[in-house]
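*Asks:* With the input below, show me the fold.
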Amino acid sequence: MAHLAMRDRIPLWEAASPGTRPVPLSVELLGFVAAALTSLCWLPQTWRTLRTRDARAISLWTQILLACGTVLWLVYGVQILSWPVIVANALTLLLVLAIITMKLRFG
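*Replies:* A predicted model of the protein is given here:
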């Protein structure tokens, strides 16, 4: 393997930044499938809590921490212009905020 001169090296953050190289469609699709699965997993919990009006078994602190982390992921997705990250975290945030609202309202 040839050794690269210091002037030929590209820092990791530059190589991964938007605009430096196109993301293959297959990679974007993989991201959207992963985003759909991890975001939609909150749908059954949200639906059940809305239907039963019972949120006693849900940890408020866990949901608050998840919401905070999701906001950070959303901001990160916007900064790197990654649609799978943006869509997944926007949807997750909506569902988690709904769960938090029901936890506060129904206990």
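
*Asks:* Output the contacting helices and strands for the top helix by length along the chain.
*Replies:* Criterion DSSP state H: the longest helix present in the chain is helix 83-106. With contacts defined as 3 or more CB pairs under 8 Å, 6 or more residues apart in numbering; DSSP states H and E, helix 83-106 has these neighbours: helix 25-40, helix 43-52, helix 60-80. Backbone N, C-alpha and C define where each C-beta goes, glycine included.

*Asks:* Quick check: nearest residue in space to the most centrally placed residue in the chain, chain neighbours excluded?
*Replies:* Central residue of the chain (CA atoms, centre = their mean): residue 89, 3.4 Å from the mean position. Using CB to CB, 6 or more residues apart in numbering and skipping the chain neighbours, the partner closest in space to residue 89 is residue 74 (4.0 Å).

*Asks:* got the contact list for the one you found?
*Replies:* Residues in contact with residue 74 (CB atoms under 8 Å, 6 or more residues apart in numbering) are 85-86, 89-90, 93.
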